[in-house]
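>>> build me a model from this:
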Amino acid sequence: MAKNIELTERDIKLLEELAELSMIKVSNVSQIYGNDRYYEIRLLDLKKAHYVRRLKGYVMLGVNGIRYAKEHGLEVKHAPSAYGQKERIKKISDLYYDFKESEWVFIDSRKIKEQKKSLDRGSNFLGLLVGRTEYAIYNIGKRPDEKKITLIKKEQEKLHRIGIYRTIVFYEDPQAREMYGTEGIGLKEQLLLPYPYGIELVKKHGEHDLIEEAAIKVYGGSLKEPDWKEADYEVDNKQIMVLVMNDVEKIAKIKNYFELAQYRYTRTEEIEIVCLEEQEEMFREMFPECSIRTVEEI
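Predicted coordinates:
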């Protein structure tokens, strides 16, 4: 028998967000109720009253929650039954809460597809991050197959048609990063970052330009406009590339520069890379021709 309860303001907020997002991770519900354990007690009451139901660490609307939402004019986005689509909805919901209260606004891809009718309904991108600039967001997970990676790259190549020129691709395992590779596809930025660690990096990047901040930490006020147009800065005749955000487009440009110089037997400019300490080994292996400077944190 359903338990009768009186909905609080925070209960209503939860139901509204569930109607919009379809699913919310249980731990993220604390952002609505506060960081104490009260939210767990409240979720139990709401479940007994059939306002919500739980599935493997996530909350969804129950029959009374759906009825409440419809009675109050809310459009209910139901959680799909297919496993792959359900996992996608979980990632969208998680990203919404990852960036909540940050300088970024995360917009669900379902909204973007409603606004931009030319966008393929089967697109892989999870949403749009809007703030100092805009990024289309992807997550390739832990073990993406080659087909999925190819589809995601082809999709990114077409984003300029809807006015998007920057992407963030999250990966959940180093092997996934290796599989994705370092191919440039003509974007202004193509950031390849670990999830969830990369979230904090992107949040900081929303507050201020981490590229400039990292360069200033290393070189102080001696930054100049570079001779090589693809570089970020020039210092003491060195072309500086800041790779703290692991921008695949920049990595591809460095590789192409050295390959072209080798093919033409031309002299190369000295390129120095600025990266995080934990990235140093990766970039030393990738670019033995370059000197490396690191920053502990930004």
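>>> can you list the domains in this structure?
Listed domain ranges for the chain are 7-79, 80-208, 210-295 (source: automatic domain parsing).
>>> now for Ile5, how many residues are close by?
14 (other CB atoms under 10 Å). In this view, the C-beta of every residue, glycine as well, is placed from N, C-alpha and C.
>>> show me where the stretch 51-200 of the chain has strands.
Taking DSSP state E, counting those that start in this stretch as the criterion, the stretch 51-200 of the chain carries its strands at 52-55, 58-61, 105-108, 127-130, 134-139, 166-171, 189-194.
>>> give the contact list for the residue nearest to Ile152 when sequence neighbours are not counted.
Nearest non-adjacent residue to Ile152, counting by CB to CB, 6 or more residues apart in numbering: Asn124, 5.1 Å away. Contact analysis of Asn124 by CB atoms under 8 Å, 6 or more residues apart in numbering lists Tyr138, Lys148, Leu151, Ile152, Glu155.
>>> please compute how far the one helix or strand in the chain whose mean pLDDT sits lowest lies from its chain's middle.
Lowest mean confidence among the helices and strands of the chain (mean pLDDT, DSSP states H and E): helix 109-115, at a mean of 84. Computed by CA atoms, centre = their mean, to the nearest Å, the chain-centroid distance of helix 109-115 equals 17 Å.
>>> before we move on, what about stretch 190-203?
6 Å.
>>> how about it as PDB, C-alpha atoms only?
Output of stretch 190-203 as PDB, limited to C-alpha atoms (Å, rounded to 0.1, in the frame of the first residue of the first chain):
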ATOM      1  CA  GLN A 190      39.300  18.500 -29.400                       C
ATOM      2  CA  LEU A 191      40.000  17.900 -25.700                       C
ATOM      3  CA  LEU A 192      40.600  14.200 -24.700                       C
ATOM      4  CA  LEU A 193      40.200  14.000 -21.000                       C
ATOM      5  CA  PRO A 194      39.800  11.300 -18.300                       C
ATOM      6  CA  TYR A 195      36.400  10.900 -16.600                       C
ATOM      7  CA  PRO A 196      35.700  11.900 -13.900                       C
ATOM      8  CA  TYR A 197      39.100  13.600 -13.100                       C
ATOM      9  CA  GLY A 198      38.900  15.800 -16.200                       C
ATOM     10  CA  ILE A 199      35.600  17.300 -14.900                       C
ATOM     11  CA  GLU A 200      37.500  19.400 -12.300                       C
ATOM     12  CA  LEU A 201      40.000  20.600 -15.000                       C
ATOM     13  CA  VAL A 202      37.100  21.700 -17.300                       C
ATOM     14  CA  LYS A 203      35.300  23.400 -14.400                       C
END
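>>> now tell me what touches that stretch from outside.
With contact meaning CB under 8 Å, 6+ apart, stretch 190-203 is reached by 98-99, 102-104, 129, 135, 139, 156, 166-172, 174, 177, 180, 184, 210, 244-249, 298.
>>> could you do stretch 89-109 as well?
20-25, 28, 31, 58, 79-80, 110, 123, 125-132, 137, 139, 196, 199, 202-203, 206-207.
>>> run the last query once more with 6 Å
Contacts to stretch 89-109, defined as CB atoms under 6 Å, 6 or more residues apart in numbering, come from residues 21-24, 28, 79, 125-131, 139, 199, 203, 206-207.
>>> related to what we said a few turns ago, list the buried residues for the least confident helix or strand of the chain?
Using 16 or more other CB atoms under 10 Å as the test for burial, helix 109-115 gives Ser109, Arg110, Ile112, Lys113.
>>> just stretch 235-251 next, same as before
235, 238-251.
>>> ok so Lys253 is a helix residue?
Yes: membership of Lys253 in a helix is supported by DSSP: H, G, I helix; E, B strand; the rest coil.
>>> contacts only, for it.
Going by CB under 6 Å, 6+ apart, Lys253 touches Glu230.
>>> try it again at 7 Å.
Listed by CB atoms under 7 Å, 6 or more residues apart in numbering, the contact partners of Lys253 are Gly184, Glu230.
>>> Leu126 too?
Counting by CB under 7 Å, 6+ apart, Leu126 touches Lys91, Ile92, Leu95, Ser109, Ile137, Tyr138, Asn139.
>>> who wins for neighbours among the residues you listed?
Tyr138 (27 neighbours).
>>> gap between it and Val29?
26 Å (CB to CB, to the nearest Å).
>>> then Leu43?
Distance, Leu43 to Val29, by CB to CB: 6 Å.
>>> higher neighbour count, the two?
Each of Leu43 and Val29 has its neighbours counted (other CB under 10 Å); Val29 has more, 22 against 19.
>>> check contacts around that one.
Leu14, Tyr39, Leu43, Val59.
>>> which of the residues you listed has the weakest pLDDT?
Within these, Tyr39 has the lowest pLDDT, namely 91.
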